[in-house]
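> Quick one, what's the 3D model for this:
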Amino acid sequence: MTLQAFAKQKDYLICVDSDGCAMDTMDIKHFRCFGPCMVEEWGLEQWSEPILNRWNAINLYSGTRGINRFKGLAMALTEIDKVYRPIEGVAELAAWAEHAPELSNQAIAEAAKTAKGPCLAKALSWSQKVNAAIDALPESDKKPFPGVAEALAAAHQAADVAIVSSANREAVEEEWTRCGLLPSVDVLCCQDSGSKAACIAQLKAKGYDPAHILMVGDAPGDQAAAQKNGVLFYPILARHEADSWAEFTAKALPALLSGGYGPYGEEMARRFEKNLL
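This is a model prediction of the structure:
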């Protein structure tokens, strides 16, 4: 169901991110697609191991986890320019990533037409190669983390459940349908519905008490979207996803439904921050 057509059914609402949170798809996309395509596009094979480790740190295991692909690319290439070899036009890419109103293939293709250096055009080429590599990943490698199906089923008994993701709607719908998760979901809010913060705001406007809304996510951007709307947040910890989902079912959901989530949520926020240092 779309956000516009959705109506509140229960007193509680649980919002769940997809990539890297419910679906074990984030690591594989960075390990096999984003980082290797950058090494190939810029001819960085000589330093591939440390560069790929740094790419994963930026995009998966630090406070910038979940950063937009072009912002992450600009960060990585700026470091590479200083440490390994010059990257022609990297400052132009960094400036575009910082100030452009839209960060997409279409937007960078337009910007590349008037760019002074080659970096924006190469970034577009990289992004297109990344998309092709992701599309080529076997379906069997795109699956939910252990415990997700059970957690969503338990949540759906007591709450409305919304997917709140910045990913492509068709991809999310295909993955969640194939993995049998959609029966526990009431509404899909994806890239075409606006930012995560905007989606939570529109869901909140359906009539929920903010203290009855919980955002489940794996990245600081998910936490920020929850905070912007004054709703609760539960983190799925990178490299501890199965344990996080087991704890959601055993502790977080009961705490939410009993009205005692506040202190527990504060402790989880501390654990989340420490895990991404």
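> Please give the number of neighbouring residues around the residue lying closest to residue 264 once chain neighbours are set aside.
In this structure, residue 264 finds its nearest non-sequential neighbour in residue 255, 4.7 Å apart by CB to CB, 6 or more residues apart in numbering. For every residue, glycine as well, the C-beta is placed using N, CA and C. With neighbours defined by other CB atoms under 10 Å, the count for residue 255 comes to 20.
> tell me the SS of residue 255?
helix (DSSP: H, G, I helix; E, B strand; the rest coil).
> what's the answer for residue 35, then?
When classified by three-state DSSP, residue 35 comes out as helix.
> What are the boundaries of the strands in this structure?
For the chain, the strands defined by DSSP state E occupy 12-16, 159-164, 187-189, 213-217, 232-235.
> Give the partner strands of the fourth one in its sheet and their orientations.
Sheet pairing of strand 213-217 (DSSP bridges) gives strand 12-16 (parallel), strand 232-235 (parallel).
> From the rest of the structure, what touches stretch 67-77?
With CB atoms under 8 Å, 6 or more residues apart in numbering as the test, stretch 67-77 has contacts from 34, 38, 42, 51, 54-55, 58-59, 64, 87, 90, 93-94, 96-98, 103, 108, 119, 123, 126-127, 130, 221.
> Distance of the residue nearest to residue 155 when sequence neighbours are not counted relative to residue 194?
Nearest residue to residue 155, sequence neighbours excluded (CB to CB, 6+ apart): residue 14, at 4.8 Å. Between residue 14 and residue 194 the computed distance is 19 Å (CB to CB, to the nearest Å).
> Ok, residue 55 next?
Noted for residue 55: a distance of 28 Å to residue 194, by CB to CB.
> higher neighbour count, the two?
Neighbour totals were compared for residue 55 and residue 194, and residue 55 leads with 24 against 15 (other CB under 10 Å).
> Look at the nearest residue to the more buried one once chain neighbours are set aside and say how many residues are nearby.
Closest residue to residue 55 apart from its sequence neighbours, by CB to CB, 6+ apart: residue 35 at 4.0 Å. Neighbours of residue 35 under the rule other CB under 10 Å: 25.
> per-residue confidence at the closest residue in space to residue 223 that isn't next to it in sequence?
Closest residue to residue 223 apart from its sequence neighbours, by CB to CB, 6+ apart: residue 233 at 5.0 Å. Per-residue confidence (pLDDT) for residue 233: 98.
> same deal with residue 102?
On pLDDT, residue 102 comes in at 83.
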